[in-house]
Every structure is written in structure tokens, then in C-alpha cells.
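# I'd like to go over a predicted model; first the sequence, then the structure.
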Amino acid sequence: MIPFNISRLHTEVGIVQLNGHWVPNSDYEQKSALHINRLSQLSTDGWVELDINHNGNIKFIQQLQPFVVQHLVAQQQC
């Protein structure tokens with residue numbers, strides 16, 4: 001697994017910062033393994049850390065995953 005740290009990522013579902021590990025795959029949109037250790041979302045009051053085990057946040061992470069993988073693949077190609 002490759003560790004990652006994203007200090008700011010603009011997505012359709014919000015602005016986030018996160019870190020964790022991932023396993024890239026050639027069919028990255030469907031088969032990359034992504035494990036998030038820490039996740040924060042930018043709110044009007046600043047960064048708010050999210051409980052990654054909360055049901056509502058699990059759904060948010062599922063929506064966020066394609067954007068994170070796309071970013072990681074792009075960074076790996078640089």
C-alpha cells in the first residue's frame with residue numbers, strides 16, 4: 001500500500017483534506033483499494049474533522065472516492 005496525504009482537494013462534493021493508503025490498479029476507477037485514515041471537510045468555520053466510521057460519513061467517503069483516486073493517479077503520473 002502507498003501512503004498519501006492530500007492537503008486540499010476540491011471536488012463536486014466539497015473541499016477536503018485527507019490521508020491514508022491506497023493500492024493503485026490499471027482500472028483505477030473500479031478496482032483501486034483506498035483506505036482513509038483521517039478526513040476533514042472545509043466548512044465556513046474552517047476545517048472540521050469527520051468521524052470516518054459514522055454512517056453518514058461512510059456514504060460521503062463513497063461519493064468522494066472517485067475524486068481521490070483520480071487525484072492520486074494524476075499525481076503518480078507526474
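Received the coordinates, thanks.

# Now do the same contact list for the residue lying closest to residue 23 once chain neighbours are set aside.
Of all residues not flanking residue 23 in the chain, residue 33 sits nearest, at 4.1 Å (Cβ to Cβ, 6 or more residues apart in numbering). Placement of C-beta: from N, CA and C, glycine included. Remark: with contacts taken as Cβ atoms under 8 Å, 6 or more residues apart in numbering, residue 33 is in contact with 1, 22, 23, 25.

# so which of those is the most crowded?
For those, neighbours were counted using other Cβ atoms under 10 Å, and residue 22 has the most, 21 neighbours in all.

# Report the distance from the helix or strand it falls within to the chain centre.
Secondary structure assignment for residue 22, by DSSP states H and E: strand 14-23. The chain centre lies 3 Å from the centre of strand 14-23; the measure is Cα atoms, centre = their mean, to the nearest Å.

# partners of it, with directions?
The strands beside strand 14-23 in its sheet (DSSP bridges) come out as strand 2-11 (antiparallel), strand 33-43 (antiparallel).

# Would you mark the buried spots in that strand?
Neighbour-count burial for strand 14-23, with 16 or more other Cβ atoms under 10 Å as criterion, is recorded at 16, 17, 18, 20, 22.

# By mean pLDDT, which helix or strand of this protein comes out lowest?
Every helix and strand of the chain was ranked by mean pLDDT, DSSP states H and E. The lowest is helix 28-31, at a mean of 54.

# For residue 9, the count of nearby residues, please.
Counted with other Cβ under 10 Å, residue 9 comes out at 17.

# Surely it and residue 18 touch.
Yes - using Cβ atoms under 8 Å, residue 9 is in contact with residue 18, at 7.4 Å.

# shared neighbours of those two, which are they?
By Cβ under 8 Å, 6+ apart, the residues touching both residue 9 and residue 18 are residue 68.

# any idea how far residue 43 is from the residue nearest to residue 23?
29 Å (Cβ to Cβ, to the nearest Å).

# Can you pull up the most central residue in this protein?
In the chain, the residue lying closest to the centroid (Cα atoms, centre = their mean) is residue 68, at 4.2 Å.
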